[in-house]
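> Here you go, sequence then predicted model.
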Amino acid sequence: MTTEQTNDIQIDAVITWVNGDDLTWQHKINTYLATKIDFSKKAESTRYNAIGEVQIAIASIIKFAPFIKNIYLVTDNQVPQGFDRLCTKAQEHGVNLEIIDHTVIFRGYEESLPSFNSISIEVMLYRIPNLSEHFIVFNDDFFLMRATAPEDFFINGMPVLRGSWEKFNEDRTLRVYFQKLLKLIGKAPDPNRTSFKRLQQQSAMLAGTKKYVRRYHTPMSVRKSTLVDYFNEHEDLLKKNISFRFRDKSQFLLSSLSEHLEIKKGTFHYSKDTRLTYFRSYKKPSSVKKKLAQFIEDPSKIFVTFQSLERADPALLAHIKNWISSRLDQDLS
């Protein structure tokens, strides 16, 4: 494929977010759960806790992706703290920051609401009114921490895919035998577990590719028309996927389906370099601080993902926030 860079296209950003501290939302989710969440217990509620990640995500896009024209924050009747201030900051940089409620993207499919399933919600993002043909999907813990260009996401209008090419599980002989061994000794994995890797493979299979790109925790580059065309022909798959209020092992992922539809058509650019610094554990503060320092020293890194940041102890959390503040040139206290 040509490496010529002609990105005079409009690119939007979309962020999915939920405020798990909202008492109304807590009551709503427990209404639909057979086993209720005790939000007073950190171990049970950690997945839904928030410590200002979405504000950081928005600020990082405004600072490090000046080519973004619209930032759409997709929520369930919620508004993040300090949103008016963020809107003002966005406007100062020529960016439109807007909240999009679930009722908007699920219009015509209201029977699937309320939804507490990020997989179901993400697949409807292409239905945001006035969304550009080219858009980037962020989780609220995906941050840009170095200047980016349109070519980091789209080249000649085609999405940049990041990850590693891998075989499907059933095509990997050693894995098949290993799974049989685990089953034989009674240590087979839970068949109801919604493995992120497996969900990616199922999504790729829908597109009909021979291998799949295993993606990691980086923003997703998507073309709206790819999804519009697919779901115009496969509305039954869309309806089934969004029918699950909570994650189900049979679902497909927007990111992987979109990427592999592009792979099938040959309308993509591939990079094996994720350009990501990823944090999942905060048990070793020295290791976390070292990785933060390495990010500064490595100009190829542009993405930082802090998964479950609220699990960091107070001292380390303060260090991380100070580090982010220095990157964004703003106070996060």
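Sure thing, it's come through.

> Mind naming the longest helix for this protein?
In terms of residue count, the longest helix belonging to the chain (DSSP state H) is helix 314-328.

> what separates that one from the chain centre, distance-wise?
The chain centroid and the centroid of helix 314-328 are separated by 22 Å, computed with Cα atoms, centre = their mean, to the nearest Å.

> How about residues contacting that helix?
Surrounding helix 314-328, the residues in contact under the criterion Cβ atoms under 8 Å, 6 or more residues apart in numbering are 51, 56, 59-60, 63, 143, 145-146, 282, 285, 288-289, 292, 306, 309-310, 312, 331-333. To be clear about C-beta, it is placed using only N, CA and C from the backbone, and glycine gets the same treatment.

> With stretch 297-308 instead?
Stretch 297-308 is contacted from outside by 46-47, 53, 64, 139, 141-148, 152, 217-219, 273-280, 295, 320, using Cβ under 8 Å, 6+ apart.

> let's see 7 Å
Contacts with stretch 297-308, where a contact means Cβ atoms under 7 Å, 6 or more residues apart in numbering, come from 46, 141-146, 148, 152, 217-219, 273, 275-280, 295, 320.

> Give me the distance from it to the chain's centre.
Worked out by Cα atoms, centre = their mean, stretch 297-308 lies 15 Å from the chain centre.

> tell me which residues of it are tucked away?
By neighbour count on 16 or more other Cβ atoms under 10 Å, the buried set for stretch 297-308 is 301-306.

> Run through the strands of the stretch 151-300 of the chain in chain order.
Read by DSSP state E, counting those that start in this stretch, the stretch 151-300 of the chain holds these strands, from start to end of the chain: 154-155, 158-162, 164-166, 212-214, 220-223, 269-271, 276-279.

> tell me the mean pLDDT for the third one?
Put plainly, it is strand 164-166. In this model, strand 164-166 has a mean pLDDT of 92.

> cool, the last one as well?
The pLDDT scores in strand 276-279 average 96.

> which other helices and strands contact that strand?
Using 3 or more Cβ pairs under 7 Å, 6 or more residues apart in numbering; DSSP states H and E as the contact criterion, the elements in contact with strand 276-279 are helix 285-297, strand 303-306.

> Identify all contacting residues around that strand.
For strand 276-279, with Cβ under 7 Å, 6+ apart as the criterion, the contacting residues are 216-218, 288, 291, 295, 301, 303-307.

> Determine which two of the residues you listed are furthest apart.
Greatest spatial distance among those (Cβ to Cβ): 218 and 288, at 19.1 Å.

> what's the angle from whichever strand or helix holds residue 62 to helix 314-328?
Element membership for residue 62, per DSSP states H and E: helix 53-64. Between the direction of helix 53-64 and that of helix 314-328, the angle (axes from the mean of the first three to the mean of the last three Cα atoms, to 10 degrees) works out to 30 degrees.

> Kind regards, and thank you for your time.
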